[in-house]
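1. sequence first, then the predicted structure:
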Amino acid sequence: MNIQTLLNNRIQQAMVAAGAADDAPALVRQSAKVQFGDYQANGMMGVAKKLKTNPREFAQKVLDLLDLSDVADKVEIAGPGFINIFLKNDWMSGALASLRKSARLDIAQVEKAQTIVVDYSSPNLAKEMHVGHLRSTVIGDAVVRTLEFLGHNVVRQNHVGDWGTQFGMLLAYMERLRQENTEISMALSDLETFYRAAKTCFDDDEAFAARARELVVSLQSGDEECLALWQEFINISLEHCEATYKTLGVSLTRENVMPESAYNDDLHNVVAALKEQDLLQESNGAQCVFMEEFANKEGEITPVIVQKTGGGFLYATTDLAALRYRQDVLNFDRGLYFVDARQSLHFQQIYTLGRKAGFVKPETSLEHMPFGTVMGTDGKPFKTRSGTVAKLSDLLAEAQDRAYQLVAEKNPEMEEDELRNIGRVVGIASVKYADLSKNRTSDYVFNWDTMLSFEGNTAPYLLYAYSRVASIVRRSEIDVANLTGDISLAESQERALAVKLMQFEEAVQQVANDGMPHNLCAYLYELAGTFMTFYEACPILNAEDELKNSRLQLALNTASTLKQGLSLLGIETLERM
RNA sequence: GCGCCUGUAGCUCAGUUGGAUAGAGCAUCCGCCUUCUAAGCGGAGGGCCAGGGGUUCGAAUCCCUUCAGGCGCGCCA
């Protein structure tokens, strides 16, 4: 049930009947203030202007043609021409009863499922995942879960970096270890250390560096021994990623891995296709595409280089090949790329070129979902105390440990196993939620204290709210599955909770539309807050039977909405904490 | 030099694509545990929305401009 859409459609129809253009927007929004009702339609002023009539008169005309009596008990014109809508309690009670019986909380499946490719996480396999991969992985996964919940056909694409010159160095180091009879799998248990060791050799040892360069060539020419060595490295590195995904509760699997190297054989085809269409231009020996879309005021164009002077390909080439694969093989309707904001220009170029070259259909939507950098409390990109980039696995271990300490302090009598589990859930949830709850596009400050706080818009607060509801339900000893009876919304706190509960779908659909999970976070936080207020003001278990049933249903709806919402964000809930 | 992004309360952040008196949380101050988890709830103070100009019934939001910061800009990804 999406109230906003319902009202929007009804009001728009009335507007058209009143003489507005077919596409005149009703602009229905949740009301800014309680005295303005539950929803307000802002579209009358703009339309009246176009029709050259008085906005209030037009609004009145719309009201005359509008029948909302089934859902609202008051609809009024206010200010310069707003229409304020006050929802009817009876209608909400009925809708909430239906919502409670629905496994998916009455959230509509999309009428026409789209095939949506979501490109996210995409770590470089040469190194271990670090804090910089957190945003793409966590936000991408939340959006993926949301799109799937709505019924779309989602294709996860983990575009891992498994190719490139740095692998020569790594393979050379593997080779050296093997000659020294060192166990390679052990050495690869910490990729970060391995990478640094290899880099040191590369920088300090000329013979090693030469061998590394040689290995890049053999690798690219398909030398079998070299490929086997490379494959061994990649497998271990992928296992590291999978371990991190598992602790993080991210839905990516091996099947979703579509590495850069998968496009190797296709890269020359991409260049050939561009050449065939006369898009290519040689510049200083490199194959480039100059598109007027990327010219500055002086007419200077920033080119896309698709082939280097020596014949080598670049990441632009790979991304173009991926684009073509996603259209020709996966046949996507929409492509979402959760990639660092710094690559914004690159993606604008790739998308524009991809269309120009006919690699993607005109109707296919390509959306770069940029995100900002994770900063430390000093305002600089987040680092560990020693000044290195924080490994994601270390970060997650620390989060669980910190959460465990907090929980153990509050629950000295609780058993160790449960404490550990709560610590795990709260710790991971805190890290993910801190990331998800901030506007994707801006940088954010990584701060243990605020993310693990029980106050404010945090995972612990939401999990606590959920466990409080769960506790009520447990203590009620009522067969909640068969709980029926009218839902009373007489108290203002009951009514506020009811309205909030019915707005879940609006938040969910927004995430699907714009890939911004922080809106769902804000919704869940408001829901939890509204419930807490209700909880303080309206006794549930101590109320007389009819009222108890009614309030228990509100509590149950809150529980399932919180649980479903957090699950869309990829966050587990706890029955006790 | 050119381009993109950002600038909102002391701090961390929202602001539904141009709507009504700009909102939360933290911190500060005041109040609430003999009743369902006080890891909670209620209340108060706190703003030249970086500055200036414009567009219109109406601007934090759109346009121009200045300032401050971040990031990109032909052979790394």
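-> Noted; the coordinates are in hand.
2. can you give me the strands in chain A?
-> Assigned by DSSP state E, chain A shows strands spanning A:28-30, A:39-41, A:72-78, A:82-87, A:115-119, A:153-157, A:280-283, A:286-289, A:304-307, A:334-337, A:365-368, A:374-375, A:444-445.
3. show me what the third one is packed up against.
-> When contacts are defined as 3 or more Cβ pairs under 8 Å, 6 or more residues apart in numbering; DSSP states H and E, strand A:72-78 packs onto helix A:55-64, strand A:82-87. (C-beta placed from N, C-alpha, C; glycine too.)
4. pipe these into a markdown table and attach distance to RNA strand B and mean pLDDT per row.
-> Output for the helices and strands packed on strand A:72-78, formatted as a markdown table (distance: least, Cβ to the nearest atom of the strand, whole Å; pLDDT from 0 to 100):
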| stretch | distance to RNA strand B | mean pLDDT |
| --- | --- | --- |
| helix A:55-64 | 7 | 95 |
| strand A:82-87 | 3 | 96 |
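5. export those to TSV and tack on distance to A:Glu398 and mean neighbour count?
-> As requested, the helices and strands packed on strand A:72-78 are exported to TSV (distance: least, Cβ to Cβ, whole Å; neighbours: other Cβ atoms under 10 Å):
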stretch	distance to A:Glu398	mean neighbour count
helix A:55-64	57	19
strand A:82-87	46	23
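6. which one of those lies nearest to A:Met174?
-> strand A:82-87 (65.8 Å; Cβ to Cβ).
7. and the angle for that closest one with helix A:55-64?
-> Going by axes from the mean of the first three to the mean of the last three Cα atoms, to 10 degrees, strand A:82-87 is angled at 30 degrees with respect to helix A:55-64.
8. which helices and strands sit right next to strand A:82-87?
-> Applying 3+ Cβ pairs under 8 Å, 6+ apart, one finds that strand A:82-87 contacts helix A:3-17, strand A:39-41, helix A:43-51, helix A:55-64, strand A:72-78.
9. centre of the chain versus the shortest one, how much separation?
-> The one in question is strand A:39-41. Relative to the chain's own centre, strand A:39-41 is displaced by 28 Å; criterion: Cα atoms, centre = their mean, to the nearest Å.
10. same thing with the longest one?
-> Between the centre of helix A:3-17 and the centre of its host chain there is 30 Å, according to Cα atoms, centre = their mean.
11. near RNA strand B at all, it?
-> No: using Cβ under 7 Å from any atom of the strand, helix A:3-17 never reaches RNA strand B; the gap is at least 7.7 Å.
12. before we move on, back to that, tabulate the helices and strands packed on strand A:82-87 (TSV), appending distance to A:Tyr351.
-> Output for those, formatted as TSV (distance: least, Cβ to Cβ, whole Å):
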stretch	distance to A:Tyr351
helix A:3-17	29
strand A:39-41	35
helix A:43-51	32
helix A:55-64	40
strand A:72-78	43
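13. what's the most buried one of the ones you listed?
-> When the helices and strands packed on strand A:82-87 are scored by mean count of other Cβ atoms under 10 Å, the highest mean neighbour count falls to strand A:39-41 (a mean of 24).
14. so which residues on the stretch 151-300 of chain A come close to RNA strand B?
-> A:161, A:164-165, A:260, A:283-286, A:288, A:296-298.
15. ok, which pair from those residues is furthest apart?
-> A:Thr165 and A:Lys297 (36.3 Å).
16. those two: who's more crowded?
-> The neighbour comparison of A:Thr165 against A:Lys297 (other Cβ atoms under 10 Å) goes to A:Thr165, with 14 against 5.
17. OK, contacts around the more buried one?
-> If you count contacts by Cβ atoms under 8 Å, 6 or more residues apart in numbering, A:Thr165 has them with A:Val216.
18. picking that back up, export the helices and strands packed on strand A:72-78 to JSON lines and tack on distance to A:Leu541?
-> As requested, the helices and strands packed on strand A:72-78 are arranged in JSON lines below (distance: least, Cβ to Cβ, whole Å):
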{"stretch": "helix A:55-64", "distance to A:Leu541": "44"}
{"stretch": "strand A:82-87", "distance to A:Leu541": "28"}
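19. my guess is A:Ser31 meets A:Asp38, correct?
-> Yes: A:Ser31 is within contact range of A:Asp38, at 5.8 Å (criterion: Cβ atoms under 8 Å).
20. list the residues that contact both of those two?
-> Both A:Ser31 and A:Asp38 are contacted by A:Ile85, under the criterion Cβ under 8 Å, 6+ apart.
21. compare these two (neighbour count), which wins?
-> A:Asp38 (23 against 17).
22. can you redo the strands of chain A as a markdown table with distance to A:Gln509?
-> Output for the strands of chain A, formatted as a markdown table (distance: least, Cβ to Cβ, whole Å):
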| stretch | distance to A:Gln509 |
| --- | --- |
| strand A:28-30 | 14 |
| strand A:39-41 | 16 |
| strand A:72-78 | 21 |
| strand A:82-87 | 19 |
| strand A:115-119 | 14 |
| strand A:153-157 | 15 |
| strand A:280-283 | 42 |
| strand A:286-289 | 37 |
| strand A:304-307 | 35 |
| strand A:334-337 | 15 |
| strand A:365-368 | 16 |
| strand A:374-375 | 28 |
| strand A:444-445 | 24 |
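23. worst mean pLDDT among the ones you listed?
-> Lowest mean pLDDT within those: strand A:444-445, a mean of 86.
24. contacts only, for A:Ser550.
-> A:485-488, A:494.
25. filter those residues to the buried ones?
-> A:487-488, A:494 (16 or more other Cβ atoms under 10 Å).
26. how far is stretch A:478-487 from where the chain is centred?
-> On Cα atoms, centre = their mean, the centre of stretch A:478-487 falls 35 Å from the chain's centre.
27. what average pLDDT does it get?
-> Stretch A:478-487 comes out at a mean pLDDT of 87.
28. does any part of it sit near RNA strand B?
-> No: Stretch A:478-487 does not reach RNA strand B (Cβ under 7 Å from any atom of the strand); its nearest approach is 12.0 Å.
29. ok, now stretch A:312-324?
-> Yes: using Cβ under 7 Å from any atom of the strand, we find that stretch A:312-324 touches RNA strand B at A:312-315, A:318.
30. pull the distance from that stretch to the chain's centre.
-> The answer for stretch A:312-324 is 25 Å, by Cα atoms, centre = their mean.
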